[in-house]
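Peer 1: Quick one, what's the 3D model for this:
(one chain, ligands or ions: 1)
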Amino acid sequence: MSSSADHVDAAARSANPFDPSVAADPVPFYRALRDDAPVALLMGMPGTHVLSRYDDVRFALQHPEIFSSEVRSLDIGQERPLIPMQVDPPDHVKYRRVIDPHLAPREVAPRAEGIRWLVNHLIDGFIERGRCDLHAELSVPYPATVFLDLCGMPQADVDTYLGWKDDIVRPQLRHPELAGDRAALTATRHRAGAEMYDFFSGLIADRRASPGDDVFSRFLAGTVDGEAMTDEQLLDIGYLFILGGLDTVTSTLDCSLAHLARDPELRARLAADPSAIPVVVEEMLRLHTPLMQVLRVVKEPVELAGVAMAPGDHVMVMLGAADTDPAEFGATAGEVDLDRTSNRHVAFGAGPHRCLGSHLARVELRIAFEEVFRRLPDFELDESPDEPLELVYSPGIREVAALPVRFTPGPVEGTGG
Ligand code: HEM
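Peer 2: Here you go, the predicted model:
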């Protein structure tokens, strides 16, 4: 059987992170990259380098003056740079000052009770069956509902938002008939993007007319360079929020629950001692690094691991490879280690663009694990020994297409509401 490591060509110093086998089992790919081609070229894309060693990755993330986020070639259906992700310092910090306070720990903490209610409500929907698809019935609706509530967006339209997000992030999976047709996939992204812009224009006009307590109403009150933000600036934040807010927690839950469904020893340990859950959340983020890479463009000549990079070159910063680097995480870098004393993972990035949703994401993940382990501690993949399940992961942001599990049925708790 082929391994994801086969997608690193040491002789040509090139790599293909987009093969489906890499998303399904990236650790051997990451190891081959770090060991054999620490600064590789993206296969078929001259001028795009792939960084994989922890120190190089951290260096790139922390030096935006060399590795810029203003990557104009990144086409995810947007009309203008996304704020704040595609804005470099010094302007970048002006936006973070407006956005960050509304996703700070003190804003997130009071939401914990409602978040716990929601997880239990979703578990109530399948607990009596003894079987479910954890992807479709928990990982997707749970973070989407939390996020829409935060933004004051109508829950009834959740499928529309999820459709836009999927058309932008992974159009080839939503429309397999378009696979390989780059022009058609780009058109799909732009169609979804245009609908999102329309939607947010309406939302912003609405909030200007009658502000509420949601994050968009609060952004309206924020200023950049002493001025209120324009509709365009608010749209460029909203676009990124949908992508960041709807996809990443789903991917982390998918990767983590799939891992746990195959690791009875770790499951038993967590069911017996839920106090280990926060440590496991960090280990899952590190080991599975659901957002496998971020993109930068070189602004000043630079050399890493003996490879020269020139202004205009693109750089794929492989967060997942850094997060499994033994040079930082020791001999247990490729496995879950509950006794790890330091866990400086980069699953949320590092440097100025470090994820501003990380507090919310961590609360969502911890509460989901607590309730899953309380109510279905023996969940396991719904497979038979003769027919093991092959989970299908999407590349780039590692979501599974489906996560069928079985468990001892339990009672509905009727969490009120
Ligand atoms: C486990 C879940 C999450 C993961 C793994 C994750 C990962 C990341 C990473 C790696 C970056 C850095 C991008 C870069 O350096 O180019 C980032 C940035 C960002 N994330 Fe998250 N994220 C998560 C959840 C969220 C949530 C829930 C939100 C929104 C509520 C969010 C909003 C953002 C935004 C707006 C940025 C851009 C920050 C900037 O450029 O300054 N993320 N995220």
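Peer 1: Mind telling me which residue is nearest the centre of this protein?
Peer 2: The centroid of the chain falls nearest to T248 when counting by Cα atoms, centre = their mean (2.8 Å).
Peer 1: And the residue of the stretch 301-417 of the chain closest to the ligand?
Peer 2: Going by Cβ to the nearest ligand atom, the ligand is nearest to G357 of the stretch 301-417 of the chain, at 2.2 Å. All C-beta spots, glycine's among them, are computed from the backbone N, C-alpha and C.
Peer 1: who touches that residue in this structure?
Peer 2: 103, 244-245, 248 (Cβ atoms under 8 Å, 6 or more residues apart in numbering).
Peer 1: Out of these, who's the most crowded?
Peer 2: G245 (24 neighbours; other Cβ atoms under 10 Å).
Peer 1: Dihedrals phi and psi, that one?
Peer 2: phi -80, psi -30 (degrees, to the nearest 10).
Peer 1: In JSON lines, list the contacts of G357 along with secondary structure, pLDDT and distance to W164.
Peer 2: Formatted as JSON lines, those follow (DSSP: H, G, I helix; E, B strand; the rest coil; pLDDT from 0 to 100; distance: Cβ to Cβ, whole Å):
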{"residue": "L103", "secondary structure": "helix", "pLDDT": "95", "distance to W164": "21"}
{"residue": "G244", "secondary structure": "helix", "pLDDT": "84", "distance to W164": "13"}
{"residue": "G245", "secondary structure": "helix", "pLDDT": "83", "distance to W164": "12"}
{"residue": "T248", "secondary structure": "helix", "pLDDT": "93", "distance to W164": "15"}
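Peer 1: separation between I99 and the ligand?
Peer 2: Per Cβ to the nearest ligand atom, to the nearest Å, I99 is found 7 Å from the ligand.
Peer 1: per-residue confidence at that residue?
Peer 2: I99 carries a pLDDT value of 95.
Peer 1: Could you find the closest non-adjacent residue to it?
Peer 2: L356 (6.0 Å; Cβ to Cβ, 6 or more residues apart in numbering).
Peer 1: show me the residues around the one you found that make contact.
Peer 2: Counted by Cβ under 8 Å, 6+ apart, L356 has contacts 96, 99-100, 103.
Peer 1: cool, and S14?
Peer 2: Applying Cβ under 8 Å, 6+ apart, the residues contacting S14 are 8, 37, 40-43.
Peer 1: ok, now which ones touch F369?
Peer 2: 256, 270, 277, 280-281.
Peer 1: got the residues of the stretch 51-200 of the chain near the ligand?
Peer 2: 69, 84-85, 96, 103 (Cβ under 6 Å from any ligand atom).
Peer 1: Could I get the full set of helices for the stretch 251-400 of the chain?
Peer 2: With DSSP state H, counting those that start in this stretch as the criterion, the stretch 251-400 of the chain has helices at 264-272, 277-288, 319-323, 326-329, 358-375.
Peer 1: Need the winner for burial among those.
Peer 2: Burial of the helices of the stretch 251-400 of the chain is given as mean neighbour count (mean count of other Cβ atoms under 10 Å); helix 319-323 ranks first at a mean of 28.
Peer 1: Now do that one: which elements does it pack against?
Peer 2: helix 26-36, helix 54-62, helix 277-288, strand 293-298 (3 or more Cβ pairs under 8 Å, 6 or more residues apart in numbering; DSSP states H and E).
Peer 1: mind checking which of these is nearest E335?
Peer 2: Across the helices and strands packed on helix 319-323, E335 has its closest neighbour in helix 277-288 (7.3 Å, Cβ to Cβ).
Peer 1: which other residues reach that closest one?
Peer 2: Outside helix 277-288, the residues touching it (Cβ under 8 Å, 6+ apart) are 27, 252, 255-256, 259, 266, 270, 320, 323-324, 329, 334-338, 340, 343, 345, 347-348, 362, 365-366, 369-370, 373, 398.
Peer 1: I'd like the distance from stretch 217-227 to the chain centre, please.
Peer 2: Its chain's C-alpha centre and that of stretch 217-227 lie 27 Å apart, by Cα atoms, centre = their mean, to the nearest Å.
Peer 1: Now the buried members of the contacts of L356.
Peer 2: 96, 99, 103 (16 or more other Cβ atoms under 10 Å).
Peer 1: shouldn't the last one be in contact with I237?
Peer 2: No: with contact defined as Cβ atoms under 8 Å, L103 and I237 do not form a contacting pair (11.8 Å).
Peer 1: Residue ranges in the chain under the pLDDT threshold?
Peer 2: By pLDDT under 70, the weakly predicted segments of the chain are 1, 415-417.
Peer 1: How many residues are close by A308?
Peer 2: Neighbour number of A308 under other Cβ under 10 Å is 12.
Peer 1: sorry, that was for D231
Peer 2: 12.
Peer 1: Likewise for L389?
Peer 2: What L389 shows, counting by other Cβ under 10 Å, is a neighbour count of 16.
Peer 1: same thing with P17?
Peer 2: 26.
Peer 1: tell me the secondary structure for it?
Peer 2: coil (DSSP: H, G, I helix; E, B strand; the rest coil).
Peer 1: which ones are touching it?
Peer 2: Contacts of P17 by Cβ under 8 Å, 6+ apart are 7, 29, 42, 50, 292-293, 316, 318, 395.
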